[in-house]
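Q: Pasted the sequence and its predicted model underneath.
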Amino acid sequence: MTTAPDAPVPASEPRTAVVDEPLDVAAHLDAVADPHAGAIANFIGVVRDHDPEAAGTVVELRYSSHPDAPRILREIADRFATDGVLIAVSHRIGTLTVGDLALVCAVSTAHRAQAFEICRELVERVKAELPIWKQQETDDGSSHWVGLT
């Protein structure tokens, strides 16, 4: 994902991407498939039609990112990629509508508890540390940035 399409990526290295095209859940699951893994946990972040901070119904999101976002995503994933742990995580940028996938994460490990734990913590770290910003558009024509103070 962060490498050239034809370049081989060692199985132990996380696959990470910040892209402006639809995310493919099956590709993430394939990227972490391993005969030693007894569990694959995944998270799929979907654009929803509401937000407690929005006055109207959310109809569209616009994600923008810092130029270093791909590198930072890789660094976040690297923290969790230890022996026996395979990771694939991608965040979409650009304009998304309700139902589009914004974040996909897949983690495989030997045991389910570890897969769930790593997947959850990885998603939390991505949400907290990845320099991607979200602007929401609502059906009443208003717009606001989420998470900016």
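A: Ah, there it is. If you're wondering where the values come from, they're calculated on a predicted model, not measured in any experiment.

Q: going forward, measure contacts between C-alpha atoms and count neighbours the same way
A: Will do.

Q: mind listing what the most centrally placed residue in the chain touches?
A: By C-alpha atoms, centre = their mean, the chain has its centre lying nearest to residue 103, at 3.1 Å. Counting by C-alpha atoms under 8 Å, 6 or more residues apart in numbering, residue 103 makes contact with 23, 43-46, 89-92.

Q: Nearest to residue 81 among these?
A: residue 89 (11.5 Å; C-alpha to C-alpha).

Q: quick one: which helix or strand includes that closest one?
A: Element membership of residue 89 [criterion: DSSP states H and E] is strand 86-92.

Q: Now the element after that strand, going C-ward?
A: As assigned by DSSP H and E, the chain's next helix or strand after strand 86-92 is strand 94-97.

Q: and the helix or strand just after that following strand with strand 86-92, angle?
A: The element immediately downstream of strand 94-97 (helix or strand, assigned by DSSP H and E) is strand 101-109. Strand 101-109 runs at 180 degrees relative to strand 86-92, counting by axes from the mean of the first three to the mean of the last three C-alpha atoms, to 10 degrees.

Q: mind saving the C-alpha coords of strand 101-109 as CSV?
A: Extracted C-alpha coordinates of strand 101-109, given in CSV (Å, rounded to 0.1, in the frame of the first residue of the first chain):
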residue,chain,number,x,y,z
LEU,A,101,-15.5,3.7,4.3
ALA,A,102,-13.1,6.1,6.0
LEU,A,103,-10.8,3.8,7.9
VAL,A,104,-10.0,0.1,7.6
CYS,A,105,-7.8,-1.8,9.9
ALA,A,106,-7.0,-5.6,10.0
VAL,A,107,-4.8,-7.3,12.5
SER,A,108,-3.9,-11.0,12.5
THR,A,109,-2.3,-12.8,15.5
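
Q: dump the residue contacts of residue 38.
A: Residues near residue 38 by C-alpha under 8 Å, 6+ apart: 108-112.
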